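>>> Here's a sequence, model it:
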Amino acid sequence: MRQALWALGLLASAVQAQSPAPALRLEDLPRYTPPPQEQGTVVPEQVLRWREEAIALEHGEHGLRDPERAAQLYCRAARFGDAESQFNLAWMLTNSRGILRDEAQAAHLFAAAAEQGMPQAQNMMARLGEPLGPPPPCLRPPDGDPPPLAAKTAPAKGAKPAERPWPAPPAQAPEVIVRFVNLVAPEYQLAPALVLAIVATESNFNPNAVSPKNAQGLMQLIPDTAKRFGVRNLMDPTQNLRGGMAYLRWLLAYYEGDISLAAAAYNAGEGAVNRYRGIPPYAETRLYVRKILAHLGGRRDHPFDAKVTDPSPALALIRGPSRWQ
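All right, here's what the predicted structure looks like:
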């Protein structure tokens, strides 16, 4: 009897082995869940480790393949502006690589990577078109970022706003540039310390600096911005500084004195800040804003002249509790 049962078991196993496994349908793929926001400071080395681990899990390196975990790691790195992670996650979402297809989110992720200069992402963006709706969770500013400044309210009658000291000029700033900025910045209603922080971060006080994107001079103006603010000779230090200060004054009015937003827009353009409802998910821009705030000792507010321009229509969304709805 025992031998007969053993033979029946072998037969059943053989039949099972010959039966095809049920096919996995695309709609059966898991919909990945974005991970929670990070707690504490995240350094660039951590972002790189997330991307490297995600690549290994996506492609099954070391014998372990886990697309859901890979997508979550790409998402974490994408929030901090890692263009390759943004592209890789968008590719997974477009091609159903172990997770459910979602071309709407993929379009946003391809766009972010394309805006950081990835040719492959630019090609995919041309295919998918402009993204619609608010940015997905993987492109929203991390919770560790400083919150947007609240709208300013008028001081009580007779009260004077508290004056906060501005830091000294950067140690490497040439005396002639410091003197000029100290003299001219008040004409543009700007603190000289903010102007010098922008110059230090943009060109390190090199009047002949030219970037790969054709930003030129001390304040690294691009030709369109120079034309917008009446600069005829970009490489003339005086004209360059005045044009940069005019743009900075405009940005501070547009973002109602929020230095983080104004600095992000100076680097990436106000269109990107408005679209992403805060500092855009570009590694360069995030680092740029950190450098500016470090130069200013962490100060994030600046007086502004509301008569210069109307505020950004995105400010209510940037500040509001329902900014992602």
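
>>> Phi, psi for residue 285 please.
Backbone geometry at residue 285, expressed as degrees, to the nearest 10, gives phi -70, psi -40.

>>> Count the residues that sit near it.
Neighbourhood size, residue 285 [other Cβ atoms under 10 Å]: 24. C-beta here means a position set from N, CA and C on the backbone, and glycine is covered the same way.

>>> Tell me who's in contact with residue 196.
For residue 196, the contact set (Cβ atoms under 8 Å, 6 or more residues apart in numbering) comprises 169-170, 173, 177-178, 181, 295.

>>> same thing but 6 Å
169, 173, 181 (Cβ atoms under 6 Å, 6 or more residues apart in numbering).

>>> Next one, pLDDT for the second one please.
Meaning residue 173. The score at residue 173 is 96. That number is its pLDDT.

>>> With residue 87 instead?
pLDDT, residue 87: 97.

>>> Ok, residue 226 next?
94.

>>> any chance of the contacts of residue 196 in JSON lines, with secondary structure too?
Compiled in JSON lines, the contacts of residue 196 are given as follows (DSSP: H, G, I helix; E, B strand; the rest coil):
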{"residue": "169", "secondary structure": "coil"}
{"residue": "173", "secondary structure": "coil"}
{"residue": "181", "secondary structure": "helix"}
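
>>> And those, which of them are buried?
Listed as buried from these are 169, 173, 181; burial here means 16 or more other Cβ atoms under 10 Å.

>>> wait, doesn't the first one sit right on residue 178?
It stands for residue 169. Yes - proximity of residue 169 to residue 178 meets the contact threshold set by Cβ atoms under 6 Å, at 4.8 Å.

>>> Just to check, residue 125 is in contact with residue 115?
No - using Cβ under 6 Å, residue 125 is not in contact with residue 115, being 8.8 Å away.

>>> now the buried ones among the contacts of residue 196 as a markdown table including distance to residue 217?
Conversion of those to a markdown table gives the following (distance: Cβ to Cβ, whole Å):
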| residue | distance to residue 217 |
| --- | --- |
| 169 | 19 |
| 173 | 15 |
| 181 | 14 |
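
>>> what's the closest of those to residue 87?
residue 173 (38.4 Å; Cβ to Cβ).

>>> what's near enough to touch that closest one?
By Cβ under 6 Å, 6+ apart, residue 173 lies in contact with 196, 205.

>>> how about a cut-off of 8 Å?
196, 199-200, 205 are the contacts of residue 173 under Cβ under 8 Å, 6+ apart.

>>> quick one: which of these has the most company?
Going by other Cβ under 10 Å, residue 199 tops the contacts of residue 173 with 27 neighbours.

>>> That residue in helix, strand or coil?
helix.

>>> how about low-confidence regions in the protein?
By pLDDT under 70, the low-scoring segments of the chain are 1-30, 32, 153-163, 321-325.

>>> Closest to the mean position in it, which residue would that be?
residue 281 (1.8 Å; Cα atoms, centre = their mean).

>>> right, and out of the contacts of residue 196, which lies closest to residue 151?
So of those, ranked by how close each gets to residue 151 (Cβ to Cβ), first place is residue 181, at 29.2 Å.

>>> Spit out the contact partners of that closest one.
192, 195-196, 199, 241 are the contacts of residue 181 under Cβ under 8 Å, 6+ apart.

>>> Could you check how far it is from residue 174?
10 Å (Cβ to Cβ, to the nearest Å).

>>> Among the contacts of residue 181, pick out the one closest to residue 51, please.
residue 199 (32.8 Å).

>>> nearest residue to that closest one other than its sequence neighbours?
Counting by Cβ to Cβ, 6 or more residues apart in numbering, residue 199 lies nearest to residue 218, which is 5.2 Å off, once chain neighbours are set aside.

>>> do the same with residue 122
Counting by Cβ to Cβ, 6+ apart, the residue nearest residue 122 is residue 114, at 4.3 Å.

>>> Can you list the helices and strands that the one helix or strand that neighbour maps to packs against?
Residue 114 is part of helix 103-115, with elements assigned from DSSP states H and E. If you count contacts as 3 or more Cβ pairs under 8 Å, 6 or more residues apart in numbering; DSSP states H and E, helix 103-115 packs onto helix 83-95, helix 119-128.
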